[in-house]
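Engineer: below is the sequence, then the predicted model.
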Amino acid sequence: MDIARYAELFRTEAREHLAGIDEALAVLADGSADGGQHDAIDALFRATHTIKGMAGAMGYASVEQLSHAYETLLAAVRESALPADSTLVTLCYEAADALAQHVDDAVDGNADRPVSISLLERLASMADSIDSDRGHRTTATWRVPSMDDDAADAPDDEPDDESAHPDGPIPTTTIEWVVTTDTARGERRGRVIVVALAPDAPLKSVRAQIALARLEALGTVQGTEPPLQTVSDLFDGEFTIVMDTASTDAELEAAVRSAGDVARVVVRDPVARRATKDVLRHVRIDLKRLDALLDLMGELVITRDRLLAVAEVNGDRTVMATAQETSRLISALQEQILQARMVPVGQVFDRFPRMVRDVARDLGKEVSFTMEGRDIALDRSMLDAIGDPIVHLLRNAMDHGIESAAQRTAAGKPDVGRLVLRAIRDRAAIVIAVEDDGRGVDRARVLARAIADGRVERHVTSLTDDDLIKLLSQPGFSTAESVTAVSGRGVGIDVVANRVRALGGSMDIETVPGRGTIFSLRLPVTLAIVRALLVQVADRTYAVPSAHVMEAVEFDEAARLTLRGREAVSLRDEVLPLVRLRQVFGEPVTHDVDAQLLVVDAGGRRFACTVDALLGQQDIVVKTFDAVVGATALFSGATILGDGSPALIVDVGSLA
Amino acid sequence: MSRTVLICDDAIFMRTMVGDILQQAGFEIVGEAETGVQAVEKYRQLRPDLVTMDIVMPDMGGIDAVREITKGDPTARILMCSAMGQQALVVEAIQAGAKDFVVKPFQPSRVLEAVQRVLAA
């Protein structure tokens, strides 16, 4: 296009508008207070605006620049409705003269003669001072997230100064939305459209609005990032639109591109967000941190006990009161931390239905599987540890317990086997049970095997459920029999029993031939802290969980007797099997031993233990063993005593 | 039959320039308007395929004219002609119903691109 053609046309028209400017300025200078002032300012504004436009079209940079500065000032005056004072009018005359000069220069070939910096500055500062009188700033600043930011994670960027934005505080930049997950063709679904405009695109905010309008025709827009309603000269052309639509991604991209000046478009699935409430009510926490809290709390508890003991010795009432208050708070803290570690068993249980389905299918068995008590909560680490044992029990039940459909029908049972995984709370324990309505454990076979192995004496003719579980829990007992592709090698009931004991729990069995079997795992609710009785055996200290200790009395040798070849003790009208811990722990027998008797209850089995001395009751932090290796399962874990020395925790169940 | 265009701008100079670009692209200039009021009237009379509209004009500005025209004919295809520093006003114009915009100084190629988009929309 040949600009030169238009140059004279430009000059002619520009001069007309300049004449109009002079007329209007005369009115302003006159200072008469009638409505003429307002019209004059209006006319001034339009005239400078028009000259600016024309100069822009011609590429006359200086004319454009000066007329823009002039127009900006006049816009401020126009909006402020303030009367034009003499300073303003003088400045306007100066600007008009300069403008006329630049117009001539431009047409005559000197379009780039620079505009006086001083004039530009004075025009700008007068405009600013008029604006700030109205509490109005002329520019707004934004931070716009880049293309790679997840739109929903955009920072919440509120400036401290609310008056910085003429329309009030800058809105938050997070979008919350609820998204449909139905992806069938033709159905509405949520889409996230990320757009980057061409870097050289003019008026990017406008372009973004046009793109938004095109998308609005294709569905319901839920939100935009940044809010496209607000216009900024600093907008970099990158934005995200979230909407529900039935259109295809290709259609959405085409719509955006039809707006023009679009460099990049990406259409993707939204990230499903929960409602704000959920997001605020839960936080993720590193498991290591939970464990660290637990350890610290354990030590805090031990130190607390020492504090109380010391305070008592000290005798000072204030010290005692403070120690007790501290103790109370520590207990409360302990409770909170333990609760924080609790997790519903459902989290682990939920993966079982699929596994059961797969195993049943592999075995060719028909199994109906139900779970009860998914909401019962266990300590996190306990839950992690219990998963594999439960899997084994479930597989075992399907492999050895539940018969094939044909066998079941022949036995008069429904052809679909019933398998139940149940979690219930029982005072201070959680019981997890695996129940099946299969053929039950074959006691005769177990007995024969046990006798053959020498685990049971030949004259024994029958096994109680108790005996049964003890045998099955013995290492190596079940391996040979139960090794199949499903149950796996070496993962016998004995391993399950070990794992359960390592957690401070116990295992029981109830089985009826032809009717079914229930394996029960009894677990302490929390791992961490238990009340224990410290006892001395030989020159070592051991901890016996108080939950199992029914009473402690002095041991009277006279009450000792022998029953069925084994030592027992008579206590009031009860005869209890006697277990000498020195013997069990392999310590030499000397004088001054076995002075104390503990009456113990391990899952319903009562017996008595002898120890050298009682050292007192206290809370201990249970540290379980990572893996129980080897046959000895006498100890379920260890603890660190107040003086820093370690003590093994006796697994009472294993003594019986 | 060539496409018709109504050119609205209070500067003869601008109307001439825009008109030349469009004419060279095969448009027929069926009318010109100097004010917003004229723009609305002439639109009703002429029903052009395309309208180019300046933002600031006496006697009803460009944005109001866009609003009025679009009210009467929602399918009106209006292209805003903008100078520097008018982003907020152009946004308003788009929200009022204009379909697209070009900025000065005009590059004929850009003007024609914008025209294509407006006609295609």
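Structural biologist: In hand now; what should we look at?
Engineer: got phi/psi on B:P48?
Structural biologist: phi -70, psi 160 (degrees, to the nearest 10).
Engineer: need the contact list for it.
Structural biologist: B:4-6, B:30-31 (CB atoms under 8 Å, 6 or more residues apart in numbering or on different chains). C-beta: built from backbone N, CA, C; applies to glycine.
Engineer: who's in contact with the helix or strand that contains A:F519?
Structural biologist: A:F519 belongs to strand A:516-524 when assigned by DSSP states H and E. For strand A:516-524, contacts defined as CB under 8 Å, 6+ apart pick out A:378, A:382, A:386, A:389-390, A:393, A:396-397, A:401, A:418, A:426, A:428-441, A:493, A:496, A:500, A:503-511, A:530, A:547, A:603.
Engineer: now it: buried residues?
Structural biologist: Residues of strand A:516-524 classed as buried: A:516-524 (neighbour count, 16 or more other CB atoms under 10 Å in any protein chain shown).
Engineer: same question for stretch A:415-434.
Structural biologist: Under 16+ other CB under 10 Å, the buried positions of stretch A:415-434 are A:417-423, A:429-434.
Engineer: of those residues, which belong to strands?
Structural biologist: Among the buried residues of stretch A:415-434, the ones falling in strands (DSSP state E) are A:417-423, A:429-434.
Engineer: just put these in JSON lines and tack on pLDDT and distance to A:L578.
Structural biologist: JSON lines is the format used below for those (pLDDT from 0 to 100; distance: CB to CB, whole Å):
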{"residue": "A:G417", "pLDDT": "91", "distance to A:L578": "44"}
{"residue": "A:R418", "pLDDT": "92", "distance to A:L578": "43"}
{"residue": "A:L419", "pLDDT": "94", "distance to A:L578": "41"}
{"residue": "A:V420", "pLDDT": "94", "distance to A:L578": "39"}
{"residue": "A:L421", "pLDDT": "95", "distance to A:L578": "38"}
{"residue": "A:R422", "pLDDT": "93", "distance to A:L578": "36"}
{"residue": "A:A423", "pLDDT": "92", "distance to A:L578": "36"}
{"residue": "A:A429", "pLDDT": "82", "distance to A:L578": "26"}
{"residue": "A:I430", "pLDDT": "88", "distance to A:L578": "31"}
{"residue": "A:V431", "pLDDT": "92", "distance to A:L578": "29"}
{"residue": "A:I432", "pLDDT": "94", "distance to A:L578": "32"}
{"residue": "A:A433", "pLDDT": "95", "distance to A:L578": "32"}
{"residue": "A:V434", "pLDDT": "95", "distance to A:L578": "34"}
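Engineer: of all these, which comes closest to chain B?
Structural biologist: Of all those, chain B sits closest to A:A423, with 59.9 Å by CB to the nearest CB.
Engineer: what's the neighbour count on the closest residue to the closest one other than its chain neighbours?
Structural biologist: Spatial nearest neighbour of A:A423, excluding adjacent residues (CB to CB, 6 or more residues apart in numbering or on different chains): A:G373 at 3.5 Å. With neighbours defined by other CB atoms under 10 Å in any protein chain shown, the count for A:G373 comes to 18.
Engineer: also A:V530?
Structural biologist: Neighbour count for A:V530, taken as other CB under 10 Å: 21.
Engineer: max pairwise distance over the buried residues of stretch A:415-434: which two?
Structural biologist: Across the buried residues of stretch A:415-434, the longest distance by CB to CB is 28.2 Å; it joins A:G417 and A:A429.
Engineer: does B:L79 touch B:Q116 like I think?
Structural biologist: No. If you go by CB atoms under 8 Å, B:L79 and B:Q116 don't touch, sitting 10.7 Å apart.
Engineer: can you get me a residue count around A:A76?
Structural biologist: When neighbours are counted by other CB under 10 Å, A:A76 registers 22.
Engineer: then B:Q116?
Structural biologist: Neighbours of B:Q116 under the rule other CB under 10 Å: 14.
Engineer: what strand or helix carries it?
Structural biologist: helix B:108-120.
Engineer: what sits up against that helix?
Structural biologist: Contacts for helix B:108-120 (CB under 8 Å, 6+ apart): A:1, A:258-260, B:3, B:18, B:21-22, B:24-25, B:49-50, B:77-79, B:99-102.
Engineer: now, of those residues, which are buried?
Structural biologist: A:258-260, B:3, B:18, B:21-22, B:49-50, B:77-79, B:99-102.
Engineer: from the residues you listed, which is closest to A:L212?
Structural biologist: Comparing those against A:L212 with CB to CB places A:A259 closest, at 8.4 Å.
Engineer: domains for chain A, by residue range?
Structural biologist: Per automatic domain parsing, the domain ranges recorded for chain A read A:3-133, A:186-274, A:286-340, A:346-524, A:529-654.
Engineer: quick one: average pLDDT of the second one?
Structural biologist: Yep, that's domain A:186-274 we're talking about. The pLDDT scores in domain A:186-274 average 85.
Engineer: and that domain, how far from the chain's centre?
Structural biologist: Put simply, domain A:186-274 sits 30 Å off its chain's centre (CA atoms, centre = their mean, to the nearest Å).
Engineer: go on, the fourth one?
Structural biologist: Its chain's average C-alpha position is 34 Å from that of domain A:346-524, according to CA atoms, centre = their mean.
Engineer: and A:R268, what does it touch?
Structural biologist: So A:R268 contacts A:191-192, A:194 (CB under 8 Å, 6+ apart).
Engineer: ok, now with 6 Å
Structural biologist: Applying CB atoms under 6 Å, 6 or more residues apart in numbering or on different chains to A:R268 gives the contacts A:V192.
Engineer: what pairs with it across the strands?
Structural biologist: Counting by DSSP bridges, A:R268 forms beta bridges with A:V192.
Engineer: check the gap between it and A:T72 for me.
Structural biologist: Using CB to CB, to the nearest Å, A:R268 is found at 42 Å from A:T72.
Engineer: now swap in B:R44 and tell me
Structural biologist: Look at B:R44 and A:T72: by CB to CB, they are 35 Å apart.
Engineer: sitting in strands, which of the contacts of strand A:516-524 do you find?
Structural biologist: Residues of these located in strands (DSSP E): A:378, A:418, A:426, A:429-436, A:506-511, A:530.
Engineer: what pLDDT does residue 67 get?
Structural biologist: Unless you meant another one, I'm taking chain A. You'll see A:S67 listed with a pLDDT of 93.
Engineer: wrong one, I was asking about chain B
Structural biologist: Here, the pLDDT recorded for B:R67 equals 94.
Engineer: residue contacts, it?
Structural biologist: B:A96.
Engineer: helix or strand: which one has it?
Structural biologist: helix B:62-72.
Engineer: give the buried residues for that helix.
Structural biologist: For helix B:62-72, the neighbour count (16+ other CB under 10 Å) marks B:62-70 as buried.
Engineer: nearest to chain A, of those residues?
Structural biologist: For the buried residues of helix B:62-72, the residue nearest chain A by CB to the nearest CB is B:G62; the value is 11.0 Å.
Engineer: name the nearest residue to the residue in chain A positioned nearest to chain B, ignoring sequence neighbours.
Structural biologist: Among all residues of chain A, A:G56 sits closest to chain B, at 3.5 Å; criterion: CB to the nearest CB. Excluding the flanking residues, the one nearest A:G56 by CB to CB, 6+ apart is B:K104, at 3.5 Å.
Engineer: show me the contacts for the closest residue to A:E372 other than its chain neighbours.
Structural biologist: Among residues not flanking A:E372 along the chain, A:R422 sits closest, at 4.4 Å (CB to CB, 6+ apart). Going by CB under 6 Å, 6+ apart, A:R422 touches A:372-373, A:433.
Engineer: nothing else from me, thank you.
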